[in-house]
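Trainee: Here is a sequence with its predicted model. Questions after.
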Amino acid sequence: MKDKSREKKAAAEIQPAAEILPIEEVAKYPLPGMAFPGNIAFSPDDRLISYLLSEDMSLTRQLFAYNPESGEQSSLVTPIGGGTRDDNVSLEEALRRERMRQREFGVTSYEWAQKVNRLLVPMQGEIYVQDGRGAPLRKLVAQNGAPALDAKISPDGEWVAYVQDAELYVVPSAGGKPRQLTFGARAMGKTHGLAEYIAQEEMARSTGFWWSPDSGRLAFEEVDETHIPVYRIAHQGKDETGEGAQEDHRYPFAGQANARVRLGVVPVQGGEPSWMNLGEEQDIYLARVKWLPSGSLTAQIENRAQTRLDLLKFDTDSGKGTLLLREENETWINLHDLFKPLKSGGFIWGSERSGFRHLYLYDVDGELVRALTQGQWMVDTIAAVDEKNQRLYFTASRESPTESHLYVVSFAGETPQRLTPEPGLHSVVCDHQCRRFVDTYQSLDHPPLVSLRSLHDGAVLRTIYDRPDPRLEQLKLQPPEIVRMQNRTGETLYGAIYRPEAQFGHGPYPTIVYVYGGPHAQMVTNGWNMTVAMRAQYLRSLGYLIFVLDNRGSARRGLAFEGTLKHDMGHFEVEDQVDGVRWLVDQGLADPERVAIYGWSYGGYMSAMCLARAPETFKLAVAGAPVTAWDGYDTHYTERYMGTPQSNPEGYRQASVMAHIDKLQGKLMLVHGLIDENVHFRHTARLINTLIQARKPYELLLFPDERHMPRKLADRIYMESLIRDFLVNNL
């Protein structure tokens, strides 16, 4: 029998009246301190540093230029008519914004030509150019009934290419009539020059065409999805009916058909394309495409099982391909952007063949010269290559899995030298001459700060942006504490603890676990993003202890750590989250009778799985947009980790939340957007059917007009209020 007096005491301890943070702050974007410069780039002559920034710290940004000699900031481009917003873009653009997780408005992207100071600025489905600083903004392409998508300026600045109504076009950047380069896609239901859904959502490839170095040719992707059955999403919350109230998507479910792709090359003057020979296998992924300085074309081709990746070099006239390099891994291949061709003919390549992602030097024929980095840590990015001085700049986790720093190493492969001394996360952009870099630095204690530094020794040359957010003085956010613990198998896991204020005592506290838990992602870092996890901060202000743990399967810990969950998702991740709670209990921090968990997407899946598979530990869960059965998710993501439903039926069965509902005892809240085209509402609906059959109660919060993440401020405030009430009333 439950102790009623204890329940009354617990309810009295957690009251919204005790809150320090307004609930509106939890729902507001940008997050406090996060309205810093983005999309940073050096102008072709390195005389300017450009970036997108909101002067009023809102989501609406404009394009600025910073002069490193004078230290002055000036406006380059202001958004015309308010620029891009969620309510003035086409469906195609809205879906691209969703897949790029883009919340910002106004000027949302831009590009410098490589060889001249000419700017390309897309806005509201139209294309604008600016001929240098101070020049007027010229409209180059209007919508004409269909948006101009994915515009890119040629290296010489003379042309702009884009996709409109499924075909590839070019237009002179000086102005003139657009020229259609590809034909036949519209009539056949295909696309030319657009990345398919899988590439955009799961492969980190948002584009489907590529300029040659001499600006004379374009490589492009042809995508055929006509054989993939339509998955229809109805807009149940709209007033109108008919075609405007529904969307049809060619969604590739795990184990089912993928898009068919071809890679072509077409001259900028027009003509018949030549098609590259991608190999005998038809069921493949076109992972990456890149031109070499010599004018040859390369493509990375991944097999369906994602255990092999071929780097092919093509003769663009004949389409004949030559194998430069093959990567094979029994766990899986993690795609990356660590392929850097050299003017000398060789290239730098990233690989996890050692179990950790490192950089290797190859000659022109694809023969390995030497490893440039090694050790039990991960390379994150290639920042720059100084071929003249034979030096490579890269960011990595060499100091700690919770940090990222800039390093330099010689082509001889000596010990890397660290260039960013401050502990935390450093994201860098190097100039073209490899003399300076822009460093965006953040830590648990410091919001993002942007500075110009020397690539010689990392010395700060100028501070570009260090503007305090006035909200921080009011909110008084306390950074979490990073901790290390061991799980039941003796592996070290990293966690973060948000402790309640002293007025709530010294524990044990009612505890809420904030989880993601999936592969290819990391939650616990020495970064400001942890400090402004606003739901965690809000719940901490109500007297809860919040805990975040990167379980086995998460990123930046090596392939063996990540590969623990191969063919068995939702098992070892749950074990580690249970071990994390037990560790908190042993420290006297968590009340074992009052533990909840919440998360979104994979975190929503984990929340539901933890409640079902570990009912002795978790008493309630909030599952946002959860994947509940992996046969209902897409091919590239799911099959990388689980194989196909045909090859691993028992694994898929055990990895489904529905298989464990019989053990569920606690309270469950489900949250989902009805027009989510990534994790379909079908996932939650299937779980609800199982809950009904098992006579298990649940609470449901739906957003008829939201996709994978709620965008409207009113929706987010409403969601945060109901999640709070669910937790306060039940924990």
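Mentor: It's in. Not measured: the values here are computed from a predicted model.
Trainee: quick one: secondary structure of the closest residue to Arg101 other than its chain neighbours?
Mentor: Leaving aside its chain neighbours, Arg101 sits nearest to Met709 (7.6 Å; criterion: C-beta to C-beta, 6 or more residues apart in numbering). Any C-beta I mention is one placed from the backbone N, CA and C, and that applies to glycine too. Following DSSP: H, G, I helix; E, B strand; the rest coil, we place Met709 in the coil state.
Trainee: was I right about Met709 contacting Gly604?
Mentor: No: using C-beta atoms under 8 Å as the test, Met709 is too far from Gly604 to be in contact (11.3 Å).
Trainee: Where does pLDDT dip in the chain?
Mentor: 1-19 (pLDDT under 70).
Trainee: Val585 in helix, strand or coil?
Mentor: helix.
Trainee: what's the burial count for the nearest residue to it once chain neighbours are set aside?
Mentor: Excluding its sequence neighbours, the residue lying closest to Val585 (C-beta to C-beta, 6+ apart) is Pro592, at 4.9 Å. Using other C-beta atoms under 10 Å, Pro592 is surrounded by 14 other residues.
Trainee: ok, the one helix or strand Pro592 maps to: who's next to it in the sheet?
Mentor: Pro592 is part of strand 590-600, with elements assigned from DSSP states H and E. Using DSSP bridges, the strands paired with strand 590-600 are strand 509-514 (parallel), strand 620-624 (parallel).
Trainee: ranking those strands by burial, who's on top?
Mentor: strand 620-624 (a mean of 28; mean count of other C-beta atoms under 10 Å).
Trainee: Contacts for that strand, please.
Mentor: Contacts with strand 620-624, where a contact means C-beta atoms under 8 Å, 6 or more residues apart in numbering, come from 596-601, 603-605, 607-608, 610-611, 666-672, 723, 726-727, 730-731.
Trainee: Likewise for stretch 311-325?
Mentor: Under the contact criterion C-beta under 8 Å, 6+ apart, stretch 311-325 has outside partners 217, 219, 265, 274-279, 292, 295-301, 310, 326-327, 339, 347, 349, 362, 365-366.
Trainee: cool, and stretch 211-221?
Mentor: Outside stretch 211-221, the residues that touch it by C-beta under 8 Å, 6+ apart are 152, 154-156, 158-159, 161, 168, 170, 181-182, 192-196, 208-210, 261-268, 273, 286, 289, 291-293, 295, 297, 316.
Trainee: Swap in 6 Å and give it another go.
Mentor: 154-156, 161, 168, 192-193, 208-210, 261, 264-268, 289, 291, 293, 297 (C-beta atoms under 6 Å, 6 or more residues apart in numbering).
Trainee: repeat for stretch 631-649
Mentor: So stretch 631-649 is contacted by 198, 202, 252, 254-255, 258, 306, 332, 567, 569, 627, 630, 651-652, 683 (C-beta under 6 Å, 6+ apart).
Trainee: Let's see if you can find the most crowded of these.
Mentor: Neighbour tally across the contacts of stretch 631-649 (other C-beta under 10 Å): the maximum, 29 neighbours, falls on Val627.
Trainee: give me the element that residue is part of.
Mentor: Counting by DSSP H and E, Val627 is held by no secondary-structure element, helix or strand.
Trainee: Excluding covalently adjacent residues, which one is nearest to it?
Mentor: Spatially, and ignoring its direct neighbours in sequence, Val627 is nearest to Tyr605 (4.6 Å; C-beta to C-beta, 6+ apart).
Trainee: May I have the secondary structure class of the one you found?
Mentor: helix.
Trainee: so it sits right up against Ala625, yeah?
Mentor: No: counting by C-beta atoms under 6 Å, Ala625 is not a contact partner of Tyr605; they are 9.0 Å apart.
Trainee: So which of those two has more stuff around it?
Mentor: Remark: of Tyr605 and Ala625, Tyr605 carries more neighbours, 32 against 28, as counted by other C-beta under 10 Å.
Trainee: Look up phi and psi at the closest residue to Gly33 other than its chain neighbours.
Mentor: Nearest residue to Gly33 in three dimensions, chain neighbours excluded: Pro447, at 3.1 Å (C-beta to C-beta, 6+ apart). Per-residue torsions, Pro447: phi -60, psi 160 (degrees, to the nearest 10).
Trainee: Could you tell me how many residues sit around Pro447?
Mentor: Neighbour tally, Pro447, other C-beta under 10 Å: 23.
Trainee: Same question for the one 4 residues further on.
Mentor: One way to gauge burial is a neighbour count; for Ser451, by other C-beta under 10 Å, it gives 16.
Trainee: what comes up buried for stretch 101-120?
Mentor: 104-114, 116-120 (16 or more other C-beta atoms under 10 Å).
Trainee: Apologies, that question was intended for stretch 154-172.
Mentor: Along stretch 154-172, the positions that meet the burial threshold by neighbour count (16+ other C-beta under 10 Å) are 154-171.
Trainee: what's the first-to-last distance across that stretch?
Mentor: 10 Å (C-alpha to C-alpha, to the nearest Å).
Trainee: Likewise for stretch 219-228?
Mentor: In stretch 219-228, first residue to last residue: 25 Å (C-alpha to C-alpha).
Trainee: From the chain's centroid, how far away is that stretch?
Mentor: 24 Å (C-alpha atoms, centre = their mean, to the nearest Å).
Trainee: before we move on, the earlier item: please spell out the ChimeraX selection for the buried subset of the contacts of stretch 311-325.
Mentor: ChimeraX command restricting the contacts of stretch 311-325 to the buried ones, with burial defined by 16+ other C-beta under 10 Å:
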select :217,219,265,274,276,278,292,296,297,298,299,300,301,310,327,339,347,349,362,366
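Trainee: Filter the contacts of stretch 311-325 down to the ones in strands?
Mentor: Under the assignment DSSP state E, the contacts of stretch 311-325 contribute 217, 219, 265, 274-275, 297-301, 310, 326-327, 339, 347, 349, 362 to strands.
Trainee: Alpha carbons of the strand or helix carrying Gly580, in CSV - could you do that?
Mentor: Gly580 is part of helix 572-586, with elements assigned from DSSP H and E. Extracted in CSV, the C-alpha atoms of helix 572-586 (Å, rounded to 0.1, in the frame of the first residue of the first chain):
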residue,chain,number,x,y,z
PHE,A,572,22.2,-1.5,-23.8
GLU,A,573,21.2,2.1,-23.8
VAL,A,574,18.4,1.4,-21.3
GLU,A,575,20.9,-0.6,-19.1
ASP,A,576,23.2,2.4,-19.0
GLN,A,577,20.4,4.8,-18.1
VAL,A,578,19.4,2.5,-15.3
ASP,A,579,23.0,2.4,-14.1
GLY,A,580,23.1,6.2,-14.2
VAL,A,581,20.1,6.4,-11.9
ARG,A,582,21.6,3.8,-9.5
TRP,A,583,24.8,5.8,-9.4
LEU,A,584,22.8,8.9,-8.4
VAL,A,585,21.0,6.9,-5.7
ASP,A,586,24.4,5.7,-4.4
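Trainee: i'd like the first residue to be 13 from this point on
Mentor: Okay, residue one is now 13; in that scheme the one you just asked about reads as helix 584-598.
Trainee: now the helices for the stretch 463-612 of the chain?
Mentor: 482-487, 540-543, 546-553, 571-574, 584-598 (DSSP state H, counting those that start in this stretch).
Trainee: Show me what the third one is packed up against.
Mentor: Read that as helix 546-553. Counting contacts by 3 or more C-beta pairs under 6 Å, 6 or more residues apart in numbering; DSSP states H and E, helix 546-553 is packed against helix 35-39, strand 557-562.
Trainee: do that again at 10 Å, thanks
Mentor: helix 35-39, helix 482-487, strand 504-510, strand 521-526, strand 557-562, strand 602-612, helix 725-742 (3 or more C-beta pairs under 10 Å, 6 or more residues apart in numbering; DSSP states H and E).
Trainee: Quick check: which of those is nearest to Gly387?
Mentor: strand 504-510 (16.3 Å; C-beta to C-beta).
Trainee: Which positions in that closest one come out as buried?
Mentor: For strand 504-510, a neighbour-count test (16+ other C-beta under 10 Å) marks Leu505, Tyr506, Gly507, Ala508, Ile509, Tyr510 as buried.
Trainee: Which one of those residues is nearest to Ile494?
Mentor: Closest to Ile494 out of the buried residues of strand 504-510 is Ala508 (5.6 Å), distances taken as C-beta to C-beta.
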